[in-house]
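> Dropping the sequence and predicted coords here.
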Amino acid sequence: MRYPVINPSNRKCSTIPIFSLNNQYSRNFHLSWLGFFVAFLSWFAFAPLIPDAIKTDLNLTSEEVGNSNIVSLCATLVVRLISGLLVDRYGPRKVMAGLLIIGAIPSGLAGTISTAQGLYIVRFFIGILGATFVSCQAWNTAFFDKNVVGTANALGGGWGDTGGGFTFIIMIALFNQLLADGMSPHVAWRVAFAIVPVPILLSVAAATLMFGTDHPAGKWSDRYKAVATTLPTSDDQTSNSENIKTKSGDDIETGDEKNIKITVTAVTATSQCLSFSFVDFAYLVSELDAAVNNPLSLNTAYEIVINPLTWLPSLAYMTTFGYELAIQVNLATVLYTLFKSPTFGQTKAGYIAGIYGLLNVFFRPLGGYFGDLIYVKFGVPGKKYLTIACGVAQGLLSLGLGFYIENHSHPSLEVIIVIFVIVAMFNEVANGANFSLVPHCNPNSNGFMTGIVGAMGNLGGIFFAIIFRFQPYPLGRAFWIAGVITVGVNLLLCIIRVPRF
């Protein structure tokens with residue numbers, strides 16, 4: 001977990017050295033999730049303040065609030081597709097930095113909003129920041145080998161997703177502090193946007209450009225050089241790529257950076273390792289071993305679109321991440337409407353709703369971890385059924401939550417919290433498991449594939465947000481409708497076949 005173990009056939013890392021910053025694998029991993037994390041500081045900054053402060057200040061109706069939630073997801077859908085194409089051509093590092101810089105511009109203009117139409121426009125362009133997810137996942141896929149890529153993607157996505165939960169805490173606390181300092185609500189929420197999102201977005205973009213790298217081989221244009229001409233043919237044999245020297249047992253290579261030591265290990269099938277270092281099943285020959293991101297052509301795009309493997313993780317992600325997005329932008333409003341009282345206001349509703357996003361710090365990485373564990377015995381089919389099973393469980397629990405709220409005139413806040421926490425557990429494990437599956441689907445166009453799956457997640461967010469928009473009462477109805485759809489879609493995905501490894 002401190003020094004990276006390199007697969008000499010493709011220069012990808014077979015461990016996740018999270019407790020180090022002195023090598024490119026560690027730095028790129030932490031920059032990937034950090035870029036996605038800070039995007040939420042603007043992308044979700046409206047959600048905790050819109051039920052009361054922004055709604056009152058701009059004289060918004062409930063319908064206009066719902067419309068703004070939908071608009072914020074529309075831009076992300078489109079830009080995720082575009083960013084996937086850009087990742088395959090220019091690399092995830094440059095795309096990540098570019099999105100953070102571009103997204104900082106509308107974030108800085110949030111304070112100029114005075115009408116519902118202005119809110120729609122600003123939230124639409126801030127939605128560009130949601131595409132940082134594509135760069136996050138594609139960056140980790142480029143640097144981490146097949147035995148840990150699920151965990152790396154899930155950690156990156158999960159830790160990044162917690163930005164949604166932290167945004168609720170940060171924006172509410174800052175807003176309340178500004179009120180305590182004497183500002184009016186009209187001024188306080190606008191100042192909050194100027195203080196938090198803009199400088200942080202630009203700082204992380206600069207760090208990405210200064211300290212990140214494009215590919216294990218160096219520049220993104222050199223990515224084809226990283227793949228050895230032959231792959232390992234037996235459990236104790238490895239292929240040596242350029243500038244990597246191995247000998248019997250372990251060898252220590254001095255990397256390109258001064259004083260950086262990288263362990264190069266000839267892996268075997270006999271060892272068992274249940275930490276972040278899953279080096280033991282690198283002996284499984286997979287298309288991932290030699291996969292390289294290729295610029296998209298029309299023929300390739302057509303083949304990807306008609307491939308059922310494209311739609312397995314895409315439709316599953318539509319029902320899981322799409323559900324998560326809709327819940328995170330609507331849960332505070334639902335709780336505020338249900339329990340509004342002198343002792344239960346916008347602040348308490350926002351803090352409780354923030355729990356959903358914060359749970360990503362543990363449960364989304366757990367999904368990727370389970371996916372990698374299952375892969376060693378059951379291969380890619382194991383990842384598929386793990387993703388589907390968690391999606392079905394999420395749907396059934398959402399169904400139960402909806403019926404409980406709808407059939408109780410005075411539902412218990414404690415019961416609702418317990419149920420939505422359990423829903424979040426399965427929801428976020430499903431998201432993590434999904435992106436342990438994605439690298440096996442169209443691996444030579446991983447950027448485009450990640451863009452499609454990410455965009456479908458946003459399409460699901462829009463779809464479920466529309467349900468919340470047009471089925472606001474009774475308050476539980478949107479939850480059980482979403483649950484029925486989630487169960488149905490995931491069960492249908494069982495028929496799609498996947499490669500063995």
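Alright, I've got the coordinates.
> Report the next helix or strand after the helix ranked longest in the chain in sequence order.
Across the chain, the longest stretch assigned as helix under DSSP state H is helix 360-406. As assigned by DSSP states H and E, the chain's next helix or strand after helix 360-406 is helix 413-437.
> can you pull the buried residues of that following helix?
416, 419-420, 423-437 (16 or more other Cβ atoms under 10 Å). C-beta: built from backbone N, CA, C; applies to glycine.
> got it, and stretch 309-319?
For stretch 309-319, using 16+ other Cβ under 10 Å, the buried residues are Leu309, Thr310, Trp311, Leu312, Pro313, Ser314, Leu315, Ala316, Tyr317, Met318, Thr319.
> got it, and stretch 368-377?
Going by neighbour count (16+ other Cβ under 10 Å), the buried part of stretch 368-377 is Gly368, Tyr369, Phe370, Gly371, Asp372, Leu373, Ile374, Tyr375.
> contact partners of that stretch?
146-155, 157-158, 274, 278, 280-281, 284, 382-383, 386-387, 429, 432-433, 435-437, 501 (Cβ atoms under 8 Å, 6 or more residues apart in numbering).
> as a whole number, average confidence for it?
Taken as a whole, stretch 368-377 has a mean pLDDT of 93.
> What is the distance between it and the centre of its chain?
Computed by Cα atoms, centre = their mean, to the nearest Å, the chain-centroid distance of stretch 368-377 equals 19 Å.
> Only alpha carbons, please: show it as PDB.
C-alpha atoms of stretch 368-377 as PDB (Å, rounded to 0.1, in the frame of the first residue of the first chain):
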ATOM      1  CA  GLY A 368     -15.400  -2.400  -6.200                       C
ATOM      2  CA  TYR A 369     -13.600  -4.500  -3.600                       C
ATOM      3  CA  PHE A 370     -16.300  -7.200  -3.700                       C
ATOM      4  CA  GLY A 371     -16.100  -7.100  -7.500                       C
ATOM      5  CA  ASP A 372     -12.300  -7.700  -7.500                       C
ATOM      6  CA  LEU A 373     -12.700 -10.500  -4.900                       C
ATOM      7  CA  ILE A 374     -15.500 -12.200  -6.900                       C
ATOM      8  CA  TYR A 375     -13.500 -11.800 -10.200                       C
ATOM      9  CA  VAL A 376     -10.700 -14.200  -9.000                       C
ATOM     10  CA  LYS A 377     -13.200 -17.100  -8.700                       C
END
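> For ChimeraX, write the select line for the buried members of the contacts of stretch 368-377.
ChimeraX command restricting the contacts of stretch 368-377 to the buried ones, with burial defined by 16+ other Cβ under 10 Å:
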select :146,147,148,149,150,151,152,153,154,155,157,158,278,280,281,284,382,383,386,387,429,432,433,435,436,437,501
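> which residues of the chain fall in strands?
For the chain, strands defined by DSSP state E occupy the ranges 5-7, 12-13, 251-254, 261-264.
> Which strands or helices does the second one pack on?
If I follow you right, that is strand 12-13. strand 5-7, helix 132-143 (3 or more Cβ pairs under 8 Å, 6 or more residues apart in numbering; DSSP states H and E).
> Repeat the analysis, applying 6 Å as the threshold.
On a contact count with 3 or more Cβ pairs under 6 Å, 6 or more residues apart in numbering; DSSP states H and E, strand 12-13 meets no helix or strand.
> and for it, what are the contacting residues?
Identification of contacts with strand 12-13 by Cβ atoms under 6 Å, 6 or more residues apart in numbering yields Pro4, Tyr25, Phe143, Phe144, Asp145.
> Tell me how far the closest residue to the last one other than its chain neighbours lies from Phe144.
When you say that, I think you mean Asp145. Nearest residue to Asp145, sequence neighbours excluded (Cβ to Cβ, 6 or more residues apart in numbering): Lys12, at 4.0 Å. The gap separating Lys12 from Phe144 is 6 Å, by Cβ to Cβ, to the nearest Å.
> Asp88 too?
Distance of Asp88 to Phe144, given as Cβ to Cβ: 18 Å.
> for Val87, same thing?
Counting by Cβ to Cβ, the separation of Val87 from Phe144 is 16 Å.
> next one: phi and psi at Ile18?
phi -80, psi -20 (degrees, to the nearest 10).
> Tell me how many other residues crowd it.
Neighbours of Ile18 under the rule other Cβ atoms under 10 Å: 16.
> swap in the one 3 residues further on?
The criterion is other Cβ under 10 Å. On that basis, Leu21 has 12 neighbouring residues.
> ok, back up a step: kindly reformat the buried residues of stretch 368-377 as CSV and extend each row with distance to Gly451.
Listed next are the buried residues of stretch 368-377 as CSV, based on distance: Cβ to Cβ, whole Å:
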residue, distance to Gly451
Gly368, 19
Tyr369, 25
Phe370, 25
Gly371, 20
Asp372, 23
Leu373, 27
Ile374, 26
Tyr375, 24
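> Comparing the strands of the chain by mean pLDDT, which bottoms out?
Ranked on mean pLDDT, the bottom entry among the strands of the chain is strand 251-254, at a mean of 32.
> Quick check, Gly357 in contact with Thr167.
No. Shown here, Gly357 and Thr167 do not form a contact pair, counting by Cβ atoms under 6 Å, at 7.6 Å.
> any shared contact partners between the two?
Contacts common to Gly357 and Thr167, judged by Cβ under 6 Å, 6+ apart, are absent.
> Please enumerate the helices of the stretch 101-250 of the chain.
116-126, 132-143, 149-180, 185-195, 197-211 (DSSP state H, counting those that start in this stretch).
> Pick out whichever of the buried residues of stretch 309-319 sits closest to Phe133.
Tyr317 (10.6 Å; Cβ to Cβ).
> pretty sure the closest one contacts Val453?
Yes. Counting by Cβ under 6 Å, Val453 is a contact partner of Tyr317 at 5.1 Å.
> Okay, now the unreliable bits of the protein?
1-2, 226-291 (pLDDT under 70).
> let's go with 80 and repeat that
1-3, 225-293, 471-473, 501 (pLDDT under 80).
> do you know how far the residue nearest in space to the middle of it is from Arg469?
The residue lying closest to the centre of the chain (Cα atoms, centre = their mean) is Gly157, at 3.5 Å. According to Cβ to Cβ, Gly157 and Arg469 sit 26 Å apart.
> quick one: Asn7 from Val87, how far?
22 Å.
> List the buried residues in stretch 102-118.
Those would be Ile102, Gly103, Ala104, Pro106, Ser107, Gly108, Leu109, Ala110, Ile113, Ala116, for stretch 102-118 by 16+ other Cβ under 10 Å.
> same question, stretch 157-170
Across stretch 157-170, burial judged by 16+ other Cβ under 10 Å covers 157-168, 170.
> now do stretch 468-479
Phe468, Arg469, Gln471, Pro472, Leu475, Gly476, Arg477, Ala478, Phe479.
> go on, stretch 203-217?
Val204, Ala205, Ala207, Thr208, Leu209, Gly212, Thr213, Asp214, His215, Pro216, Ala217.
> wait, the last one sits on Lys225?
Okay, so that is Ala217. Yes. Using Cβ under 6 Å, Ala217 is in contact with Lys225, at 4.9 Å.
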